[in-house]
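S.K.: Provided below for reference: sequence and predicted model.
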Amino acid sequence: MDLKSKIRNIPDFPKKGIVFRDITPLIRDSQAFKYAIDEMASQYEGKKIDAILGAEARGFIFGSALAYKIGAGFIPVRKPGKLPYKTCKVSYDLEYGSNVLEMHIDAINKGDKILIVDDLIATGGTAKAKAELVENRGGEVVGLCFLIELEFLNPRKVLSNYDVFSMIKYDSE
């Protein structure tokens, strides 16, 4: 199935010069969404995965569906102040400024095998921060799985120590 044809390109969003890759048409199409989750799941057959970690908001969509498909738990990662229990956090740099991600302190046990899932990888900074959250709690990152990869931003350079899988690749804006 040609999943790339299900991605809507929105120029100059959220700011001029950016082409936003809108996954809404893909997840609205039941066959395309099922195909994407099934293909992601096939990449991890036979691997022990205790839980999938996904960040709000689109990471929740793909991460929870994939967790269900492979029979793993799901760990939500959110912006500061959104989780109700004690949290651990990681700060990371963005192109203009910094950001923080949080997860519950008891979300990962030492030795847990964690798959990080999101809809899109751009520069790799946010994915690396999620990996730090896992590793800081004693978990092992078994892989990073994405629907879309913006190859022209070289995210794999930042994530060279990890197994990275992506289904749809864009080699230019």
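M.R.: That came through, no problem.
S.K.: tell me how many other residues crowd D50.
M.R.: Each residue near D50 was counted by other Cβ atoms under 10 Å, and the total is 17. All C-beta atoms are positioned from the backbone trio N, CA, C, and that covers glycine.
S.K.: what of I116?
M.R.: I116: 29 neighbours (other Cβ under 10 Å).
S.K.: is it in a helix, a strand, or coil?
M.R.: strand (DSSP: H, G, I helix; E, B strand; the rest coil).
S.K.: check the offset of stretch 16-23 from the chain's centre.
M.R.: 17 Å (Cα atoms, centre = their mean, to the nearest Å).
S.K.: just the terminal-to-terminal distance for it.
M.R.: Length of stretch 16-23, first residue to last, Cα to Cα, to the nearest Å: 20 Å.
S.K.: which ones are touching D171?
M.R.: 151-152 (Cβ atoms under 8 Å, 6 or more residues apart in numbering).
S.K.: if we go to 10 Å?
M.R.: 149-152 (Cβ atoms under 10 Å, 6 or more residues apart in numbering).
S.K.: tell me the pLDDT at it?
M.R.: Looking at D171, its pLDDT is 94.
S.K.: with Y96 instead?
M.R.: 67.
S.K.: over to K130?
M.R.: For K130, pLDDT reads 98.
S.K.: give me phi/psi at it?
M.R.: phi -60, psi -40 (degrees, to the nearest 10).
S.K.: what's the nearest residue to the spatially most central residue of the chain if we skip its chain neighbours?
M.R.: Nearest to the mean C-alpha position of the chain, counting by Cα atoms, centre = their mean, stands D118 at 2.0 Å. Nearest non-adjacent residue to D118, counting by Cβ to Cβ, 6 or more residues apart in numbering: G59, 4.3 Å away.
S.K.: do the same with D93
M.R.: Closest to D93 by Cβ to Cβ, 6+ apart is G125, at 6.3 Å.
S.K.: count of neighbours near that neighbour?
M.R.: Neighbour number of G125 under other Cβ under 10 Å is 19.
S.K.: pLDDT on the top strand by length along the chain, on average?
M.R.: Determined from DSSP state E, the single longest strand within the chain is strand 140-150. Mean per-residue pLDDT for strand 140-150: 98.
S.K.: chain center to that strand: distance?
M.R.: 6 Å.
S.K.: stretch 56-75 now?
M.R.: Worked out by Cα atoms, centre = their mean, stretch 56-75 lies 10 Å from the chain centre.
S.K.: now stretch 46-55
M.R.: Distance, centroid of stretch 46-55 to centroid of chain: 11 Å (Cα atoms, centre = their mean).
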